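K.L.:
below is the sequence, then the predicted model.
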Amino acid sequence: MHKRIKLVSSDIDGTLVSEGTTDLNPKVLEMVRKLKSKGIIFVAASGRQFDGMLRLFQEVSDDMIFISNNGAYISCRDTKMFEAVMKRTDVEQLIPFIRNQKDCCFTASTGTDGSYVEESAPKEFIDLLVNGYGNKVTLVPDILELDLPIIKVAMYRKEGIQEISEDIKKEWEERFHVLEAGTCWVDFVDHKADKGIALASIQKALCISKDETMAFGDNLNDLGMLKTAGHSYAVGGARPEVKSLARYITDTVEKNGVLQVLEKLI
């Protein structure tokens, strides 16, 4: 089964862990080591910020590659491989727009310094970021008063974000790559940032082909990554668009669908 695989890339939320948690099965860390011993590189690819991903995979962080912030930041062994900083003048228009959206709040992320949240944000939202996703969060009065190299702005709405996501995408897609990420998030990144573009750059750097690549995902921000892998998997519970695109479908995150496939692979 897939004997030529040299690169495995997996989304996190909804694919390896339940959305907004750090409940990573310890067997995933063991699997990263097993893959490495077989000459297969593991890539964690997420809309999450880098420092939260690093804590999640701390034990094996030197044995893998990280694609964070939906492809806006790529790193390996504490070395930055790529960073896509958003255009400041566009961010200065985007943030007031999000502030005016009903029941919405947001974070602004940098490559290695975590994310910034305005002090007016609900405590429930801050708790989700810190205790749910394990993020490093800095509270500030006004993000736009700071001179930050912002690589992602993530808009959060606890319920109903899919009802407004298409209109938001149409309004902002000329200036940003706009992505639905999870059930509560819409992410804004530079057009050069995408999980698929990021994975392709890793393939090029390591001389690994599409046919030698396996990828797992569940949401719309995973589509680019799945297109870049010859062996693409949607987990059970994935969006219909993801299942239609993926070559294969595996079990749900609750039943460790990714691990089931990787156990067969090794």
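P.N.:
Ah, there it is.

K.L.:
mind listing the helices for this structure?
P.N.:
26-37, 50-56, 88-99, 123-127, 162-172, 195-206, 223-228, 240-245, 257-265 (DSSP state H).

K.L.:
can you redo these as CSV with mean neighbour count, distance to L148 and mean pLDDT?
P.N.:
In this view, the C-beta of every residue, glycine as well, is placed from N, C-alpha and C. Formatted as CSV, the helices of the chain follow (neighbours: other C-beta atoms under 10 Å; distance: least, C-beta to C-beta, whole Å; pLDDT from 0 to 100):
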stretch, mean neighbour count, distance to L148, mean pLDDT
helix 26-37, 16, 32, 98
helix 50-56, 21, 15, 94
helix 88-99, 15, 9, 98
helix 123-127, 13, 18, 96
helix 162-172, 14, 19, 94
helix 195-206, 20, 21, 97
helix 223-228, 22, 26, 98
helix 240-245, 15, 32, 97
helix 257-265, 18, 34, 97
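
K.L.:
mind checking pLDDT for the residue nearest to G39 when sequence neighbours are not counted?
P.N.:
In this structure, G39 finds its nearest non-sequential neighbour in K6, 6.8 Å apart by C-beta to C-beta, 6 or more residues apart in numbering. For K6, the model assigns a pLDDT of 98.

K.L.:
now for K6: which residues touch it?
P.N.:
Listed by C-beta atoms under 8 Å, 6 or more residues apart in numbering, the contact partners of K6 are 39-41, 206, 208, 212-213.

K.L.:
hmm, who's touching stretch 118-127?
P.N.:
Residues outside stretch 118-127 that contact it (C-beta under 8 Å, 6+ apart) are 105, 117, 137, 139-143, 156.

K.L.:
any idea how far A205 is from the nearest residue in space to T112 that is not next to it in sequence?
P.N.:
Leaving aside its sequence neighbours, T112 sits nearest to F50 (C-beta to C-beta, 6+ apart; 6.1 Å). Distance, F50 to A205, by C-beta to C-beta, to the nearest Å: 18 Å.

K.L.:
repeat for A246
P.N.:
The gap separating A246 from A205 is 25 Å, by C-beta to C-beta.
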